[in-house]
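A.B. asks: Provide a 3D model corresponding to the input given below.
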Amino acid sequence: MSDSATMKDDRSLVINCDKVTRTYNEGPGKLTIFSDISLQVSAGESVGIVGSSGAGKTTLLNLLGGLDKPSSGHIDICGQDIHRMSESGRARFRNRHLGFVYQFHHLLPEFSALENVMMPGALGGRGVRRASEQAAAILERVGLGARLGHKPGELSGGERQRVAIARALVNEPECVLMDEPTGNLDEQTGESVRELIESLRDQIGIAFVLVTHDMGMARSLGRVLRLEQGELFQEL
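C.D. replies: Coordinates of the predicted model:
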């Protein structure tokens, strides 16, 4: 991997991914998705990862989130090697330190926006009242203070994605991992979500790592890396 894909400065590192390789067994042989990838992300930084379909972008994001394990190398999140934790320990760590946003919002249709956003706090052991107050506050921040009681089916596509972003932010994580967050939205709605991400990064200081096909979005938010043919390098 090119050294330019690694950023080192005086700010605290949220992600330190060192010489990570991911292979899968495929018949009698092995399929290598990528090898010896290194990546550092600092607090309050946003990084866009682009690349062709099948290059391994989502696999990398899953490794960074502790949803998959590397074949070799190690990944530190907030100074801790998440892959040395037990499965239950990783789940608790993800709930506290990481947020996730996907192309499809994955909201529970039978629950309101407020109830969907409350869930990470409730799962983290916070009382219902506190979880509700925090969920309401973050929904207000993303522009949905008047839509707390609406269920996903009563919201537009952009509003549903804002609820998903609020859910990712409600526990005040150090980093939010996003997989094609605007991929299912029209251009205008996608632009409003991009502006929201940029605003939240600057106001709250959360790091964002985005897998996206939208080069314009990636460039507008910060550093852009390309994952191709098993290597991660700085996009020029």
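A.B. asks: Now name the helix or strand holding residue 15.
C.D. replies: For residue 15, the enclosing helix or strand under DSSP states H and E is strand 13-26.
A.B. asks: Buried residues of that strand, list them for me.
C.D. replies: By neighbour count with 16 or more other CB atoms under 10 Å, strand 13-26 contains the buried residues 13, 14, 15, 16, 17, 18, 20, 22. C-beta: built from backbone N, CA, C; applies to glycine.
A.B. asks: now do stretch 64-74
C.D. replies: Buried, per 16+ other CB under 10 Å, within stretch 64-74: 64, 65, 66, 67, 70, 73.
A.B. asks: Just the residues you listed: which are in strands?
C.D. replies: If you go by DSSP state E, these have residue 73 in strands.
A.B. asks: Can you tell me the SS state at the residue nearest in space to the middle of the chain?
C.D. replies: Central residue of the chain (CA atoms, centre = their mean): residue 177, 0.8 Å from the mean position. Put simply, residue 177 is strand when judged by DSSP: H, G, I helix; E, B strand; the rest coil.
A.B. asks: and what of residue 90?
C.D. replies: Assigned state for residue 90: helix (three-state reduction, three-state DSSP).
A.B. asks: Run the angle between the helix or strand of the chain with the lowest mean pLDDT and strand 175-179 for me.
C.D. replies: None of the helices or strands of the chain scores lower by mean pLDDT, DSSP states H and E than helix 187-204, at a mean of 77. Inter-element angle recorded for helix 187-204 and strand 175-179: 170 degrees (by axes from the mean of the first three to the mean of the last three CA atoms, to 10 degrees).
A.B. asks: Which of the buried residues of stretch 64-74 sits closest to residue 98?
C.D. replies: Set against residue 98, the nearest of the buried residues of stretch 64-74 by CB to CB is residue 65 (5.8 Å).
A.B. asks: What does that closest one show for phi and psi?
C.D. replies: Residue 65 adopts backbone torsions of phi -90, psi 0, taken as degrees, to the nearest 10.
A.B. asks: nearest spatial neighbour of it, skipping sequence neighbours?
C.D. replies: residue 177 (5.1 Å; CB to CB, 6 or more residues apart in numbering).
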